[in-house]
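K.L.:
sequence first, predicted model second:
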Amino acid sequence: MASSSSGSVDMDPDVALRLFEEGATLVLLGVPQGTELGIDCKSWQVGPRFRGVKMIPPGLHFLHYCSSGYGGQIGPKTGLFLSLKPREIILANWDAKEEDLDFSASKNEEELSRVRASLRELDPYLGPYPYEVMRKWVSLTDRISEEMAKNLQPLSGRVCAFSDVIPELQFTHTKDRAEQPRNDTACQSMKEGLDRLPKMKQREGTELRFSVIPKKTYPPGATPAEITKCSMDLSYALETVLEKNHMQEALNVLGELQFAFVCFLFGNVYEGFEHWKCLLALLCRSEESILKRKDLYLGLIAVLYHQLGEIPPDFFVDIVSQNNFLTSTLQDFFQFAIGPGVDATLRKRAEKFKAHLTKKFRWDFDSDLDDCEPVVVELPEGVTVD
């Protein structure tokens, strides 16, 4: 397979030998030439000799691919998380009709035994795992357990860039369709046009199963003063999410943050990016939680350090308003984390992280976003104001 990324790194002979002996193998048969296929942080365009990937370090991996069967164009990306054991062989065949990989052969012991016996012949057609990205991959996923990946990914087992949607109302009979409003008259407005379109929903089993972030950030029966407080300090909402979804271990929310980021970065899933933003805003704007959950926020800084190294600094800027979501969110975090009453270790780590981001991205975390001071305007020569 031809790599779409440059800069490969020579592997240490001892590491190569260990991966050859202990590494897992993905045997992927029938993948059409030209398909874009990748594992973890790297992707390739499949050539005519491709039969899979070998020497894969045991652990969690993300296999992703785009079919080339769309009139010569690359189709939407599909991905799946795989937890691989030492020397494990996973076998999949390309399903031309579905334009997807079919892993049912991996459950057939007879077929697996046949593939295992012919590995020596297959070896020249198997591309080695891109070991140079291993360190980066681990740094982006070190808090995602096998169980967590299984619980967060869709029941279908596929993470898809485009949602699989169906109409909310299924009209199985001609009579049902005939009773719907007719659409043969011109729309008087954009709203009317949108209202005429059938209401759609995501096909059951294809949705990512993220934690639900409450729309109301305050407890039931809250007073106006409590509502105001919980709108400025989101600790109540955060603790609700932790209690409902991560009761055994609060730090697991960092694994969910990583999962959402990986789905977006390598799976092209916009829903992953939106959830990452919402979860990050919840964590960064929870002052009381920052005061009492030192380990969670030390972990958050480490997770963000690696994530922010993977995306261009202007990515978060809203083109319309020129506001940077990330600088405003992290500005609140640094205000809380460097404030009084915060654990000394966390405060020091937050200060170092703030300095790192300021130097690397030239983001200004100290300007007042609500600055109302008068602005000095230079008037053209000869123009005066009475």
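P.N.:
The structure has been received and is ready for your questions. Numbers count the residues shown, from 1 in each chain.
K.L.:
any chance you could list what contacts the helix or strand where Val15 lies?
P.N.:
Here Val15, judged by DSSP states H and E, is contained in helix 13-22. With contact meaning CB atoms under 8 Å, 6 or more residues apart in numbering, helix 13-22 is reached by 11, 54-58, 86-87, 128-129, 131. For the C-beta atoms, the positions are set from N, CA and C on the backbone; glycine is no exception.
K.L.:
dump the C-alpha coordinates for it into CSV.
P.N.:
Extracted in CSV, the C-alpha atoms of helix 13-22 (Å, rounded to 0.1, in the frame of the first residue of the first chain):
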residue,chain,number,x,y,z
PRO,A,13,15.5,-4.2,15.2
ASP,A,14,14.6,-5.5,18.7
VAL,A,15,11.2,-3.7,18.6
ALA,A,16,10.6,-5.0,15.1
LEU,A,17,11.4,-8.6,16.2
ARG,A,18,9.1,-8.3,19.2
LEU,A,19,6.2,-6.9,17.1
PHE,A,20,6.8,-9.6,14.5
GLU,A,21,6.5,-12.2,17.2
GLU,A,22,3.8,-10.6,19.5
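K.L.:
C-terminal to that helix, what's the next element?
P.N.:
Helix 13-22 is succeeded, C-terminally, by strand 24-29 (DSSP H and E).
K.L.:
regarding the protein, what is its longest helix?
P.N.:
Secondary structure assigned by DSSP state H gives helix 344-361 as the longest helix of the chain.
K.L.:
what stretches of the protein score poorly on pLDDT?
P.N.:
Applying pLDDT under 70 to the chain flags the ranges 1-10, 69-72, 163-205, 313, 316-323, 368-386.
K.L.:
in terms of contact, does Ala250 touch Lys294 like I think?
P.N.:
No - in this structure Ala250 lies outside contact range of Lys294 using CB atoms under 8 Å: 11.3 Å.
K.L.:
more crowded one of these two?
P.N.:
Ala250 (19 against 16; other CB atoms under 10 Å).
K.L.:
is the residue lying closest to the more buried one once chain neighbours are set aside within a helix or a strand, and which one?
P.N.:
Among residues not flanking Ala250 along the chain, Leu242 sits closest, at 4.9 Å (CB to CB, 6 or more residues apart in numbering). According to DSSP H and E, Leu242 maps onto helix 235-245.
K.L.:
which strands and helices lie in contact with that helix?
P.N.:
Secondary-structure packing of helix 235-245 (3 or more CB pairs under 8 Å, 6 or more residues apart in numbering; DSSP states H and E): helix 252-265, helix 270-284, helix 287-292.
K.L.:
let's have those helices in CSV, adding distance to Trp363 and mean neighbour count.
P.N.:
Listed next are those as CSV, based on distance: least, CB to CB, whole Å; neighbours: other CB atoms under 10 Å:
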stretch, distance to Trp363, mean neighbour count
helix 252-265, 19, 23
helix 270-284, 14, 19
helix 287-292, 20, 19
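K.L.:
and those helices as TSV, adding distance to Val31?
P.N.:
Listed next are the helices and strands packed on helix 235-245 as TSV, based on distance: least, CB to CB, whole Å:
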stretch	distance to Val31
helix 252-265	22
helix 270-284	25
helix 287-292	46
